[in-house]
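Student: Mind looking at a prediction? Sequence and model below.
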Amino acid sequence: MNAVRTAETPASDQHTVPASAFGAAWTGSWRGNAGARTSAGADLRLVRGETREYFTYAGGRFARERIAGGRQSFAGLFLLREQALAKAWRAICGLRGDLWRDEAGMRRETDRDSGAVLRNDSFSSARGSELSPHAGLVWSPATGWRFRANAQHAFRRPTLNELYRPFRQGANVTEANPLLRTERATSGEIGAEWNGVLSPTAGTLTLSATGFANDLRDAVANVTIARGPGTFPVVGTLPAGGLGRQRLNLERIRVNGLELAAAWRPTPALTLDAAVLFNDATVRSAPVARTLVGRRLAQVPRRSATFSAAWRAPSGLMISGRARALGRQFEDDENQLVLGAALVADATVSVPAGRRTELFLSVENAGDTRIETGRGADGVVNVAGPRAWRAGLRARW
């Protein structure tokens, strides 16, 4: 985009994205005495993918082509045991083991006119194993009441995109990183739930509250490492207002929060649901970018809420609606670019058109709210779609 924003040029043309995935899984369970149950399973997942794109737009055409991608494989086994400890107590414990492998990682860039190879990287294979334990406890002291607590440890391997594929959005460049380490998370959760009948005429009500704490190690984040204009290591040339980012591991992130939810069913035909989430996601330690310590995670609002309602008439007419409130959040890791809060409403009306078919009409973003999805340092703001109507026929068989 030029300085006065009267014209723009494409950043890249991702003309082909060949990818394939294969998976298989088996799960079995056995019931024992006093309601005890044991579950076990195994799964396998193979993923292969690459991106093929033209980039460096000049003179009305793209001058270069990039091919980047690789393969990943995962194999896992798990065992889960559910056991009653006493009249009102129940325990759940489990263990999962995984093997993973990243291989055939590559990135090749060529000049489209001369065919000259400008970059030809082959990345070393990596493999590893992980154990993921889980334990939980449920207490049901009286009819309608349930209290629960659980703790677990889990992992996530960076995706092929994060490892090998760079991308550009407007003036901003984000580089991949084939040296990313495995993310690991230790988390805990406590919750309480009450479910009961208010009265014969007021229907049923369910209330729940859940508090959670997550300690993430080596979380992958898009970290700002350069600001344009200029030419910089890793990210290359940036225009004025452009940002250069690279996917890096942040040593420690803490995500704590509270979720409150309610579901009221005053009649069998009417259901009302509401939920609010308070979420504090903060960087605690980041040797690769010490200025990020104390910053909030990008694109994670502190507060969000949803409300939904659904009513079904005796004739089969169904009317449902949902409202979502999203708090302010940051677009970037440095918490400089703010995405505004938004209230978004959707609604759907459907009516039977036969035993297995129905006609429907729905509206998304009914209030035509401005929903900010991205903001650049150059002032350019990306927004989600405006109000949209959809109508059609659904069939089930």
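Tutor: Great, that's in hand. Numbering: from 1, shown residues only.
Student: so Leu198 is in which element?
Tutor: Under DSSP states H and E, the secondary-structure element containing Leu198 is strand 183-199.
Student: Now do that strand: everything it contacts.
Tutor: Applying C-beta atoms under 8 Å, 6 or more residues apart in numbering, the contact partners of strand 183-199 are 130, 143-158, 203-220, 249. Every C-beta, even on glycine, is put in place using the N, C-alpha and C of the backbone.
Student: buried sites along the helix or strand just after that strand?
Tutor: Downstream of strand 183-199, the next assigned helix or strand under DSSP H and E is strand 203-227. Applying a neighbour-count criterion of 16 or more other C-beta atoms under 10 Å, one finds 203-205, 208, 210-212, 214-226 buried in strand 203-227.
Student: Which parts of the chain are helices?
Tutor: 160-164 (DSSP state H).
Student: For it, which residues score under the pLDDT cut-off?
Tutor: When residues are selected by pLDDT under 70, those of the chain lie in 1-7.
Student: end-to-end on stretch 294-307?
Tutor: Between the opening and closing residues of stretch 294-307 lies a distance of 32 Å (C-alpha to C-alpha, to the nearest Å).
Student: buried set for that stretch?
Tutor: Buried positions in stretch 294-307, judged by neighbour count with 16+ other C-beta under 10 Å: 295-298, 300-301, 304-307.
Student: Residues in contact with that stretch: which ones?
Tutor: Stretch 294-307 is contacted from outside by 221-222, 253, 255, 272-283, 322-335, 339, 341, using C-beta under 8 Å, 6+ apart.
Student: Give me the subset of these that lies in strands.
Tutor: Using DSSP state E to define strands, the subset of the contacts of stretch 294-307 located there is 221-222, 253, 255, 272-283, 322-326, 329-330, 339.
Student: Would you confirm that Ala269 contacts Ser315?
Tutor: No. No contact is recorded between Ala269 and Ser315 when judged using C-beta atoms under 8 Å, the distance being 11.0 Å.
Student: returning to what we had before: mind checking which of the contacts of stretch 294-307 are buried?
Tutor: Taking 16+ other C-beta under 10 Å as the criterion, what is buried in these is 221-222, 253, 255, 272-273, 277-279, 281-283, 322-327, 329-335, 339, 341.
Student: Hmm, Trp311 and Leu272 touching each other?
Tutor: No. In this structure Leu272 lies outside contact range of Trp311 using C-beta under 8 Å: 9.5 Å.
Student: So which of the buried residues of stretch 294-307 sit within strands?
Tutor: Of the positions in the buried residues of stretch 294-307, 304-307 sit in strands, assigned by DSSP E.
Student: Which pair in these has the greatest spatial separation?
Tutor: In terms of C-beta to C-beta, those reach their longest pairwise distance at Ser304 and Phe307, which sit 11.5 Å apart.
Student: Which residues does Ser350 form beta bridges with?
Tutor: In this structure, Ser350 has the following beta-bridge partners (DSSP bridges): Met318, Phe360.
Student: and it, what is it in contact with?
Tutor: Taking C-beta under 8 Å, 6+ apart as the contact definition, Ser350 lies against 317-318, 358-361, 394.
Student: Please report how far it lies from Leu393.
Tutor: When distance is defined by C-beta to C-beta, to the nearest Å, Ser350 is 10 Å away from Leu393.
Student: okay, and the common contacts of those two?
Tutor: In terms of C-beta under 8 Å, 6+ apart, Ser350 and Leu393 are both contacted by the residues 358-360.
Student: Take these and write them to CSV, including distance to Arg108.
Tutor: Converted to CSV, those look like this (distance: C-beta to C-beta, whole Å):
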residue, distance to Arg108
Glu358, 50
Leu359, 51
Phe360, 47
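Student: quick one: which of the residues you listed is most hemmed in?
Tutor: In terms of neighbours by other C-beta atoms under 10 Å, these top out with Glu358 at 17 neighbours.
Student: Settle this for me: that residue is touching Val349, isn't it.
Tutor: No. Because the distance of 10.3 Å does not satisfy C-beta under 8 Å, Glu358 is recorded as not touching Val349.
Student: count of neighbours near Glu50?
Tutor: With neighbours defined by other C-beta under 10 Å, the count for Glu50 comes to 22.
Student: residues in contact with it?
Tutor: Counting by C-beta under 8 Å, 6+ apart, the residues that Glu50 touches are 17-19, 67-70, 106, 160, 164.
Student: got it, and Asp218?
Tutor: Taking C-beta under 8 Å, 6+ apart as the criterion, Asp218 is in contact with 181-184, 249-251.
Student: and these as a markdown table, adding neighbour count?
Tutor: Shown next, in a markdown table, are the contacts of Asp218 (neighbours: other C-beta atoms under 10 Å):
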| residue | neighbour count |
| --- | --- |
| Arg181 | 17 |
| Thr182 | 16 |
| Glu183 | 18 |
| Arg184 | 16 |
| Asn249 | 20 |
| Leu250 | 25 |
| Glu251 | 17 |
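Student: ok, the residues you listed vs Arg31, which is closest?
Tutor: Sorting the contacts of Asp218 by distance to Arg31 puts Arg184 at the head of the list, at 33.5 Å, by C-beta to C-beta.
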